[in-house]
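Chemist: could you work out the structure for the sequence below:
(3 chains)
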Amino acid sequence: MWSLPPSDSVLNFLSLVAVAAQGMTAALAAGRRSMDWLGVCFLGCITALGGGTLRDLFLGHYPLAWVQHPVYLVLSGGAAFITILIARLVHRLKLAFIVLDAIGLVVFTMAGCDVAWQMNASLPIVIVSGMVTGCAGGVLRDVLCNDVPLLFRSELYASVSVVTGLFYATAFGLKINDELWTILTFVLGISFRLLAVRYKWEMPKFVFTGDED
Amino acid sequence: MWSLPPSDSVLNFLSLVAVAAQGMTAALAAGRRSMDWLGVCFLGCITALGGGTLRDLFLGHYPLAWVQHPVYLVLSGGAAFITILIARLVHRLKLAFIVLDAIGLVVFTMAGCDVAWQMNASLPIVIVSGMVTGCAGGVLRDVLCNDVPLLFRSELYASVSVVTGLFYATAFGLKINDELWTILTFVLGISFRLLAVRYKWEMPKFVFTGDED
Amino acid sequence: MWSLPPSDSVLNFLSLVAVAAQGMTAALAAGRRSMDWLGVCFLGCITALGGGTLRDLFLGHYPLAWVQHPVYLVLSGGAAFITILIARLVHRLKLAFIVLDAIGLVVFTMAGCDVAWQMNASLPIVIVSGMVTGCAGGVLRDVLCNDVPLLFRSELYASVSVVTGLFYATAFGLKINDELWTILTFVLGISFRLLAVRYKWEMPKFVFTGDED
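Modeler: So this is what the prediction gives:
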């Protein structure tokens, strides 16, 4: 999702894991809609790369990551395709899957913050950029599957992205953006997400039909 | 939604009202889908700022308004959040709400026309730019709520935008774009919209299932 | 959808046919959702021009085709409007319609490849650009009609686009991009699509609900 100095090879590797994990979530969602194989691969690409694409469009950040590195398309589409073949297994490995998905969310969020920061965006936009990168792909997936986006309804997904972004961006403000901070943010974000899933932390819901008068 | 000379402080104020009003309509729509609080705020931002964002993407008009002035995000998301708290009240104040929404439609349309005009777009594109700015946010709201967009189905919403844009843009052609014209357009647009709601003016609908053969 | 040398007047004419055909498919889809007349025309424009618009946004290729040549808006919206009036007839002319739609798919795909190639994109991006141009409009149509996109589910539509793009782009690689190759690609793409419709060629579907454990 972004170009890093060679020293950041860990984050770079994690971002590849994240792209693949998001492609896999897309395939599992597609299974409920009886899409054909090519459709599943498309949905994988859109889910994994849609967030970063929207961010780049919003910030005018060209060329897009997948235009410059088409390998991202192969990776996300390929992960979706492999998921077709091993769907039964993936489904059973639910825990591994949740962890991979959390890595995707947190790493994408950090990548989004980095891109906005490098373009000298203001702090709120850095946070929003992280959130769009981390969350928008899943929203696109749900819209294309004709669902109300899960993001708007379920456990703390977007909240994790916001908190991760805020914590990560603190380092930019304090000029202490070093390796240690990156690792700290990563651990914090993953832990928050996994705890939210484990203990079913949810936001209050707003239900209002307007029919009661 | 756009940068104005200080003299245009009335329009500038109205555009803030418009952003807030659109955020509130989004919250009311979200109430039917049991979204969580953060989801409601997102939907508020997307509804209020989505039209202007699409327009800016289409015209290559960077930076986007909300990237430059993140206060728009706070305003639209905040208006959605407040609506959660006072939903019962807002629902009762239906008339005030319809007026606010009409202001949003008309002011956004004029803003969209202005942006395209300043970029030397041709007349049809000026009109389309106004329409996209005025209407696309509501379409995004409906897609994310998993509805067929209201815009395509209900009272004269898009039509009001087109008429307002045409009337407003006449001034550009005639080089008489002064304060008076702006006020005239505003009054015309609001009146047209309110009359359409009051008397349930609708376009003919096209119903064709193709089953009759 | 793209600017051609005068010699390419055949392709240029076909692309106008393609825009109109896509607008007509949109109108027929809208008929099932009881949209009003203006909504049908919008849907026509979005379906016919949405693919090229997305491609241009992804590649940063400004100005957009319809911003530069607003006549495309008139053509696609007008085709949708005329379809309202003659829906019964269009429905009966199913074969003509399928052929027009196939022309749209193939011509848009070639146009998309051309644009990316002229921007010196890599080969995979040339193919993707063709596919987005050829297929994304239909996806937008289905999302706005609140359907799971047909593209992801039905006969070989996207596949035709990929094969056409691959074949067409071969010429770029071999530097033999002449008139003959264009015609060959056109014939190949149309034939493939029509055969797929005729013999109901479909991709295997991926169905997985995860309920069986």
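Chemist: what is the burial count for A:M119?
Modeler: The local packing of A:M119 (other Cβ atoms under 10 Å in any protein chain shown) involves 15 other residues. Where C-beta positions appear, they are placed from N, C-alpha and C, glycine not excepted.
Chemist: same deal with A:W37?
Modeler: When neighbours are counted by other Cβ under 10 Å, A:W37 comes out with 18.
Chemist: can you name the residues that contact it?
Modeler: A:81, A:84, C:203-206 (Cβ atoms under 8 Å, 6 or more residues apart in numbering or on different chains).
Chemist: hmm, 7 Å instead?
Modeler: Contacts for A:W37 (Cβ atoms under 7 Å, 6 or more residues apart in numbering or on different chains) come out as A:81, A:84, C:203-204, C:206.
Chemist: buried members of these into PyMOL, please.
Modeler: The PyMOL command for the buried members of the contacts of A:W37 (criterion: 16 or more other Cβ atoms under 10 Å in any protein chain shown) is given here:
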select buried, (chain A and resi 81+84) or (chain C and resi 203+206)
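Chemist: show me the contacts of A:W37 that map onto helices.
Modeler: Counting by DSSP state H, the part of those found in helices is A:81, A:84.
Chemist: show the contacting residues for A:G104.
Modeler: A:G104 touches A:18, A:21-22, counting by Cβ under 7 Å, 6+ apart.
Chemist: which non-adjacent residue is nearest it?
Modeler: A:A18 (3.7 Å; Cβ to Cβ, 6 or more residues apart in numbering or on different chains).
Chemist: so which of the contacts of A:W37 are also by chain B?
Modeler: Residues of the contacts of A:W37 in contact with chain B (Cβ under 7 Å from any Cβ of the partner chain): none.
Chemist: redo the contacts of A:W37 as CSV? Include pLDDT.
Modeler: Output for these, formatted as CSV (pLDDT from 0 to 100):
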residue, pLDDT
A:F81, 93
A:I84, 87
C:M203, 78
C:P204, 80
C:F206, 78
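Chemist: which one of the contacts of A:W37 is nearest C:S122?
Modeler: A:F81 (21.2 Å; Cβ to Cβ).
Chemist: these two touch, right, the closest one and A:C41?
Modeler: Yes: contact status for A:F81 versus A:C41: in contact at 5.4 Å, counting by Cβ atoms under 7 Å.
Chemist: can you name the next helix or strand after the helix or strand encompassing A:F13?
Modeler: A:F13 belongs to helix A:9-30 when elements are defined using DSSP states H and E. Following helix A:9-30 in sequence order, the next helix or strand is strand A:35-36 (DSSP H and E).
Chemist: the top helix by length along chain A to helix A:9-30, inter-axis angle?
Modeler: Ranked by number of residues, the top helix in chain A under DSSP H is helix A:94-118. Helix A:94-118 and helix A:9-30 meet at an angle of 120 degrees, taking axes from the mean of the first three to the mean of the last three Cα atoms, to 10 degrees as the criterion.
Chemist: buried stuff in helix A:94-118?
Modeler: So helix A:94-118, judged by 16+ other Cβ under 10 Å, has buried residues A:97-117.
Chemist: just name whatever secondary elements the helix or strand following it is in contact with.
Modeler: Later in the chain than helix A:94-118, the nearest helix or strand by DSSP H and E is helix A:123-144. In terms of contacts (3 or more Cβ pairs under 7 Å, 6 or more residues apart in numbering or on different chains; DSSP states H and E), helix A:123-144 is packed against helix A:9-30, helix A:37-59, helix A:94-118, helix A:158-174.
Chemist: out of those helices, which is closest to C:L75?
Modeler: Between the helices and strands packed on helix A:123-144, helix A:37-59 lies closest to C:L75; by Cβ to Cβ that is 26.3 Å.
Chemist: contact partners for A:T53?
Modeler: A:L64.
Chemist: now swap in the one 5 residues further on and tell me
Modeler: Applying Cβ under 7 Å, 6+ apart to A:F58 gives the contacts A:132, B:64, B:67.
Chemist: and for A:G137?
Modeler: A:22, A:47-51.
Chemist: specify which member of these is nearest to chain C.
Modeler: A:L49 (10.3 Å; Cβ to the nearest Cβ).
Chemist: and that closest one, how many neighbours?
Modeler: 25.
Chemist: show the pLDDT at it.
Modeler: The per-residue pLDDT reported for A:L49 equals 95.
Chemist: what's the weakest-modelled helix or strand in chain A?
Modeler: The weakest-scoring helix or strand in chain A, judged by mean pLDDT, DSSP states H and E, is helix A:87-92 (a mean of 73).
Chemist: chain A against chain C: which residues are in contact?
Modeler: A:30-40, A:42-43, A:57, A:62-64, A:67, A:70, A:73, A:84, A:87, A:91-92, A:143-146.
Chemist: if we go to 8 Å?
Modeler: Applying Cβ under 8 Å from any Cβ of the partner chain, one finds that chain A approaches chain C through A:27-28, A:30-40, A:42-43, A:53, A:57, A:62-64, A:67, A:70, A:73-74, A:84, A:87-88, A:91-92, A:143-146.
Chemist: hmm, which of these are the buried ones?
Modeler: Using 16+ other Cβ under 10 Å, the buried ones in these are A:27-28, A:30-33, A:35-40, A:42-43, A:53, A:57, A:64, A:67, A:70, A:73, A:84, A:87, A:91, A:143-145.
Chemist: quick check: A:D142 vs C:F13, distance?
Modeler: Shown here: A:D142 relative to C:F13, a distance of 40 Å by Cβ to Cβ, to the nearest Å.
Chemist: please disregard the earlier target; I meant A:V106.
Modeler: From A:V106 to C:F13 the distance is 52 Å (Cβ to Cβ).
Chemist: identify the residues contacting the nearest residue to A:L184 once chain neighbours are set aside.
Modeler: Distances taken as Cβ to Cβ, 6+ apart put A:F167 closest to A:L184, at 7.8 Å, once the chain neighbours are dropped. Shown in contact with A:F167 (Cβ under 8 Å, 6+ apart): A:184-185, A:188-189.
Chemist: quick check: the farthest pair among those?
Modeler: A:L184 and A:G189 (9.6 Å).
Chemist: so which of those two has more stuff around it?
Modeler: A count of neighbours by other Cβ under 10 Å puts A:G189 above the other of A:L184 and A:G189, at 25 against 14.
Chemist: thinking again about what came up before, include pLDDT when you put the contacts of A:G104 into CSV, please.
Modeler: Shown next, in CSV, are these (pLDDT from 0 to 100):
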residue, pLDDT
A:A18, 89
A:A21, 88
A:Q22, 89
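Chemist: among the residues you listed, who's most crowded?
Modeler: A:Q22 (30 neighbours).
Chemist: A:R198 versus that residue, what's the distance?
Modeler: 21 Å.
Chemist: one more: A:G78?
Modeler: A:G78 is 30 Å from A:R198, by Cβ to Cβ.
Chemist: again, but for A:V40
Modeler: Taken as Cβ to Cβ, the span from A:V40 to A:R198 is 29 Å.
Chemist: A:L43 too?
Modeler: From A:L43 to A:R198 the distance is 28 Å (Cβ to Cβ).
Chemist: now do A:A102
Modeler: 11 Å.
Chemist: again, but for A:N120
Modeler: Per Cβ to Cβ, A:N120 is found 38 Å from A:R198.
Chemist: likewise for A:L144?
Modeler: 29 Å.
Chemist: start to end distance for stretch A:172-180?
Modeler: 13 Å (Cα to Cα, to the nearest Å).
Chemist: before we move on, what about stretch A:171-187?
Modeler: 15 Å.
Chemist: what stretches of chain A score poorly on pLDDT?
Modeler: A:1-8, A:90-91, A:151-155, A:173-178, A:209-213 (pLDDT under 70).
Chemist: where's A:S191, which helix or strand?
Modeler: Assigned by DSSP H and E, A:S191 falls in helix A:179-198.
Chemist: just checking, what packs against that helix?
Modeler: Packing contacts for helix A:179-198, counted by 3 or more Cβ pairs under 8 Å, 6 or more residues apart in numbering or on different chains; DSSP states H and E, involve helix A:9-30, helix A:94-118, helix A:158-174.
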